[in-house]
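Asks: Sequence and predicted structure below; questions after.
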Amino acid sequence: MSSATEPQMAEIRYIDALNAGMATAIEEDERVVLIGIDVGAGGGIFGVTKGLFDRFGPERVIDTPISEMGFVGAAVGAAMTGLRPIVEIMFMDFVGVCMDPILNQAAKLRYMTAGALEIPVVFRMQTGAGKSAGAQHSQSLEAWFAHIPGLKVVMPATVADARDLLLESVRDPNPVVFVENRRLYASKGDVEADPLPLGKARVARGGDDVTVVTWGQMLRRCLAAADEGPASLEVIDLRSLVPLDMETVIESVRRSGRLLIVHEAVQDFGPGAEIAARVGDELFDELRTPVRRLGAPSVPMPFSPDLERALLPTSKAISATAQALQAEG
Amino acid sequence: MSSATEPQMAEIRYIDALNAGMATAIEEDERVVLIGIDVGAGGGIFGVTKGLFDRFGPERVIDTPISEMGFVGAAVGAAMTGLRPIVEIMFMDFVGVCMDPILNQAAKLRYMTAGALEIPVVFRMQTGAGKSAGAQHSQSLEAWFAHIPGLKVVMPATVADARDLLLESVRDPNPVVFVENRRLYASKGDVEADPLPLGKARVARGGDDVTVVTWGQMLRRCLAAADEGPASLEVIDLRSLVPLDMETVIESVRRSGRLLIVHEAVQDFGPGAEIAARVGDELFDELRTPVRRLGAPSVPMPFSPDLERALLPTSKAISATAQALQAEG
Amino acid sequence: MALIRAFETRVSELYRDGEIPGFVHTSLGQEAVAAGVGGALREDDYIATTHRGHGHCLARGMDVDGMMAELFARGEGLCHGKGGSMHVADPSQGVLGANAIVGASLPLAVGAGMSSKLLGQGRVAVAFFGEGAVNQGAFHEAANLAAIWDLPTILVCENNVYAEFSDSRTLTRVPSIVERAASYGIEAAIVDGNDVNAVHRRTIDAAARCRDGRGPFLIEAETYRWHGHYEGDAQPYKPEGESAAWREKDPLEVSAARLLEHGEASAEELERIGAEAGERVESAIERARELPPPDPEEAYTDVFGD
Amino acid sequence: MALIRAFETRVSELYRDGEIPGFVHTSLGQEAVAAGVGGALREDDYIATTHRGHGHCLARGMDVDGMMAELFARGEGLCHGKGGSMHVADPSQGVLGANAIVGASLPLAVGAGMSSKLLGQGRVAVAFFGEGAVNQGAFHEAANLAAIWDLPTILVCENNVYAEFSDSRTLTRVPSIVERAASYGIEAAIVDGNDVNAVHRRTIDAAARCRDGRGPFLIEAETYRWHGHYEGDAQPYKPEGESAAWREKDPLEVSAARLLEHGEASAEELERIGAEAGERVESAIERARELPPPDPEEAYTDVFGD
Ligand SMILES: Cc1ncc(C[n+]2csc(CCOP(=O)(O)OP(=O)(O)O)c2C)c(N)n1
Ligand SMILES: Cc1ncc(C[n+]2csc(CCOP(=O)(O)OP(=O)(O)O)c2C)c(N)n1
Ligand SMILES: [Mg+2]
Ligand SMILES: [Mg+2]
């Protein structure tokens, strides 16, 4: 990947890591194209694709009209016929206008054709509440995709993963829903940090008392909670919901006997429920305390920064819940 | 409701009960309209709306082009401005082409306008695997809707509920996702059976050893499993995921100490996970055995009847799992 | 128009200064469309608008204080701080809301047209949308529905040349929205979107047609987005001189010139109108600044009604 | 055409008799469209089709045995019994599959056109769709994309009058699909969909344009759906005599008459072709009947590749 990022600049922003990952993907494989609204000349509404158009040209970096159903579906059709598209859905909330190609086409056509069709497409989409973007621009819907057989669901929380998981997603022969968190775009980190394959969770912080499973922007808050102590938290960055690395989670909870799941998505019928249900079943006898979840309450995201702030799990709430778990038994 | 169903015909089909519910709704309130593809003159692709067009005319029973995004969105706009539409999405899978009006409009506009907008709309949709309809016509996606704040999610499993819950949904001032099960359309039952309000779960069968929570077409299989014995199963028909009547579930599991959740939807990140997670937390000390779930495996629905049959929970599998739970402790 | 100009000019500054959170999209330079349409509607008519809807709301008579307070995310805002710039709404004024999903205003306005028709209210529903939204399936489906059901819905396309960073003429072979309306058998007309009188006349006619049961009408208003897509957008994509040329056609100056020419208003009067608008906005700002944020409980209310 | 006729005539009966599960939609009466297009394509061209796609697949040379076995849900079916009538596919024949979502074939074929263009393959991608699908946003968006990107994509609209139980002319003010193509700047032509030669000539031209890099073309083939929407549909909605009139224009008889007239084929040859087609189908049926269902393991394979 050195081609895309100068060796000396190990400390880069999440957004630059995404850009580097795409640059490498487009450079290393002539079948890779980037498709989306203003991803080209404009460099992306958040600047994520800056420079790619000038570097690779309009054949590889393709601007589209505001026609998600059309261009997401076209990306799926292109993936069936030899290209490996990265298609951007500007806000995750916009899947409301282009779900069919993801739900009924990309996720199912390999299966329905008994493997005759391969669909290597990456659906890049961005989420991240906490910027007063309002109820239609703040949703975390990863649970929807994880519920659909045939889709991988990847959520990089670190700068290194932003680049490496994106690259792995492009190289993957399957449809991948790649969820970026806007709140992390400006965050800096070491892009050469210990790489892990797609499908493996990372123990971001070792600890003994409570296992905390999370992903996306909540990772930082969980780490901050771990810093607060006194309980010793083992923080696991899941990195992908599909594949779901339960081994790493189970192994940790077996040691700690306690599990707290933290995510930005709405808690009810959310992604944490699956992890809670599995651990509750597999570690029924080993659990010292009930599995707890911290997610957003069941309300749309309000515009007001004050109201919004109060709805997302804070490091305070995370550490308080962890302490409470430890106190319970 | 007598107006819509002759008193003597207490034993009617689920499909007739739905029809009766709509007839009563349209008759009792001039603001109620029925909108969808071939719901009018054609009487519905499955005959659910038969006769309504002749009875109420084209102003109240409205045929549409194949434009779900347009007419589902129009139904939401109509609901904001004085009508109370029942809009049909022929197969639940088709939400792929019309999710936005449900996800970003109906579910959110009351909240975003601080209650200034009221959106009394019913999204009727139909599911039901087991008819070789293929991967794009067999999905149960109720978990998606339950995860979105602002939507009620109703799933009638009995003939009486088909009529009564539909009527209650139309009278409800909120957007309601009303999920019919095609496999039940021909089933017969007593339409005058003990009515329960929307939001209350029904104990369909009392029992002591294992609580079985289910809904939709799986209710019949759970009851069949209960008949098999020897374990005494308490079968709960949830009736709606939102509101979620945890009280009834908790009360039952508190007695039985064992819980099995059965649904047709894919198990992973499915609706059962939320119930399992809540019970695992609230009844941590009272549970005698781990909470178990039986849902579809993570594969698209295959066309082959033999393959498909093997993927849905059978009464045998349900009773075997229940017996196993009882044996565990 | 003076009010819209004053309102958005200040909102742009307030956003830059961090006093207004979230995303803000201004319609500076497009005021004539909002004013021309707004003034032609009946009290009880409906509008459904977009992310760029401040002008449309103000022209409908939306309360300036309540609207500014909403942009400031105050508890006394029209939406109690839960909507914001992209979602400001006031059904009591027929405003079904700004909307952050491109194309969403169209099916909603079709639905409002259905209500009006079926309930025999003679109300007109206006869908505002940009030329970029025309490439959304929602436009296509909604236009066809409005046509086959002869709904009292006016489709007002504000063709301001750009969709975000892209020149919309490069994203279709048929940049004329009026031509595309032919696909639905919808009569349509192009108007100078910087001439409030022209827009007003067109809308009067369209609304009359609607009330006569003659079905939908599409108005393509040619105008220009002075500012960036969002406040803060540096607009490298705009060709040299293009903005300047359009500013020559400032809708406020166009109508001012005409009013003076026909002696329908004196320079002093126009001056006063501008000044009053400015004061109106300033007082709304002062008020909003002093208001408290929403009661924390607000976050949990209005999800469901009963 | 004879093969399609024989295939679907028997499939219709087999479905009625419960030998074929699921949903079945036949294109009886529309064979000339499939045959005319199929015969005009190159070996390596692509097609994406609909729920009514048997004919299109057969005309592409899809294996009759494998296809029949698939409809019978056998393990040796082309899709191992996992696809069925609504999803039968064979990428090795360029068939990207039948599709049960109305309108879905269009974006997929646009994508196939992108692949062909970007990889410089000169392959053409055909999207088959019905006139009812034209009211889907997917048609609108896909047509515009094919146009602005000058893709080698042919949009073949089979206008068979009905969409399920509805006369499509009642669901739009502009029933002419050719007229609606103008919205995208796409050249289009209407052809007699019951005349295989006419369809064939049109497709040859359209494909040539595509390969010359002149972009998409839309063909509206006027034809008629003999059977119901699905097998078993009683069709009360069809007016008296309409079916009979169209059966007068049976595409097979139209071409048979012409062949005989021009002495390009003798009655015996035509007879033989029909007979052979019948035998081909019967042997496929016999074979399918004997085949076992899929290995239970099949239910769990092909979800992900590695
Ligand atoms: C479905 C959807 N896709 C993309 C966006 C992002 N977006 C917001 S505004 C905009 C441009 C809209 O252009 P136009 O319709 O011309 O309106 P204008 O901004 O010019 O007023 C885009 C792409 C969105 N909000 N919704
Ligand atoms: C998105 C979607 N909406 C509705 C349906 C149900 N449906 C299947 S076929 C059909 C009619 C299609 O009509 P047309 O496009 O004319 O094709 P034809 O059946 O005449 O070949 C409908 C409404 C569907 N499969 N997908
Ligand atoms: Mg614009
Ligand atoms: Mg048709």
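Replies: Now that the structure is in, tell me what you want to look at. Ligands and ions are numbered 1, 2, ... in the order given.

Asks: and stretch C:21-35, anywhere near chain A?
Replies: Yes - Stretch C:21-35 comes into contact with chain A (Cβ under 8 Å from any Cβ of the partner chain), by way of C:Pro21, C:Gly22, C:Phe23. All C-beta atoms are positioned from the backbone trio N, CA, C, and that covers glycine.

Asks: So what's the residue count around the second one?
Replies: Right, the one you point to is C:Gly22. Burial of C:Gly22 is recorded as 22 neighbouring residues (other Cβ atoms under 10 Å in any protein chain shown).

Asks: What about the residue of the stretch 51-200 of chain C found nearest ligand 1? Give its phi and psi, please.
Replies: Nearest residue of the stretch 51-200 of chain C to ligand 1: C:Gly130, at 2.3 Å (Cβ to the nearest ligand atom). For C:Gly130, the backbone dihedrals are phi -90, psi 170 (criterion: degrees, to the nearest 10).

Asks: Next: C:Ile186.
Replies: Here is the backbone geometry of C:Ile186 (degrees, to the nearest 10): phi -100, psi 130.

Asks: Tell me the pLDDT of it.
Replies: The predicted structure scores C:Ile186 at 98 on the pLDDT scale.

Asks: all helices of the stretch 1-150 of chain A, in order?
Replies: Using DSSP state H, counting those that start in this stretch, the helices found in the stretch 1-150 of chain A span residues A:14-28, A:52-56, A:68-80, A:100, A:109-112, A:142-146.

Asks: centre of the chain versus the second one, how much separation?
Replies: The reference is to helix A:52-56. A distance of 25 Å separates the centroid of the chain from that of helix A:52-56, by Cα atoms, centre = their mean, to the nearest Å.

Asks: Run through chain A and note the low-pLDDT ranges.
Replies: Residue ranges of chain A with pLDDT under 70: A:1-9.

Asks: Swap in 50 and give it another go.
Replies: Residue ranges of chain A with pLDDT under 50: A:1-7.

Asks: quick one: the strand of greatest length in it near chain B?
Replies: If you go by DSSP state E, chain A has its longest strand at strand A:259-266. Yes - in terms of Cβ under 8 Å from any Cβ, part of strand A:259-266 sits within range of chain B, namely A:Ala265, A:Val266.

Asks: Using PDB, list the CA coordinates for the next helix or strand after that strand.
Replies: Per DSSP states H and E, strand A:259-266 leads on to helix A:271-282 as the next helix or strand towards the C-terminus. This file holds the C-alpha atoms of helix A:271-282, laid out as PDB (Å, rounded to 0.1, in the frame of the first residue of the first chain):
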ATOM      1  CA  PRO A 271     -27.100  -4.900  16.500                       C
ATOM      2  CA  GLY A 272     -26.200  -5.300  20.200                       C
ATOM      3  CA  ALA A 273     -29.200  -7.600  20.800                       C
ATOM      4  CA  GLU A 274     -27.700 -10.300  18.600                       C
ATOM      5  CA  ILE A 275     -24.400 -10.300  20.600                       C
ATOM      6  CA  ALA A 276     -26.300 -10.200  23.900                       C
ATOM      7  CA  ALA A 277     -28.500 -13.100  22.800                       C
ATOM      8  CA  ARG A 278     -25.500 -15.200  21.700                       C
ATOM      9  CA  VAL A 279     -23.400 -14.600  24.800                       C
ATOM     10  CA  GLY A 280     -26.400 -15.100  27.000                       C
ATOM     11  CA  ASP A 281     -26.900 -18.500  25.400                       C
ATOM     12  CA  GLU A 282     -23.300 -19.700  25.000                       C
END
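
Asks: Residues touching helix A:271-282, excluding its own?
Replies: Around helix A:271-282, the neighbours that count as contacts under Cβ atoms under 8 Å, 6 or more residues apart in numbering or on different chains are A:142-143, A:146, A:213, A:241, A:244, A:246, A:249-250, A:253, A:259, A:261-263, A:265, A:267, A:287, A:291, A:293, A:295, B:268-270, B:272-274, B:276-277, B:280-281, B:290-293.

Asks: How far off centre is the helix or strand following it?
Replies: Reading on from helix A:271-282 to the C-terminus, the next helix or strand found by DSSP H and E is strand A:292-296. Per Cα atoms, centre = their mean, the displacement of strand A:292-296 from the mean C-alpha position of its chain is 17 Å.

Asks: does chain C sit close to strand A:292-296?
Replies: No - Strand A:292-296 stays out of contact with chain C when judged by Cβ under 8 Å from any Cβ, the minimum separation being 10.3 Å.

Asks: residues touching the residue nearest to the spatial centre of chain A, list them.
Replies: The residue lying closest to the centre of chain A (Cα atoms, centre = their mean) is A:Met155, at 1.4 Å. Applying Cβ under 8 Å, 6+ apart, one finds that A:Met155 lies in contact with A:Glu142, A:Val179, A:Asn181, A:Trp215, A:Gly216, A:Leu238, A:Arg239, A:Ser240, A:Leu241.

Asks: Where does the second one sit: helix, strand or coil?
Replies: Meaning A:Val179. Put simply, A:Val179 is strand when judged by DSSP: H, G, I helix; E, B strand; the rest coil.

Asks: Can you name the residues that contact it?
Replies: The neighbours of A:Val179, taking Cβ under 8 Å, 6+ apart as the test, are A:Met92, A:Met125, A:Gln126, A:Thr127, A:Ser140, A:Glu142, A:Val153, A:Val154, A:Met155, A:Gly216.

Asks: How about the fourth one?
Replies: Applying Cβ under 8 Å, 6+ apart, one finds that A:Trp215 lies in contact with A:Met155, A:Ala157, A:Asp237, A:Leu238, A:Arg239, A:Leu241, A:His263.
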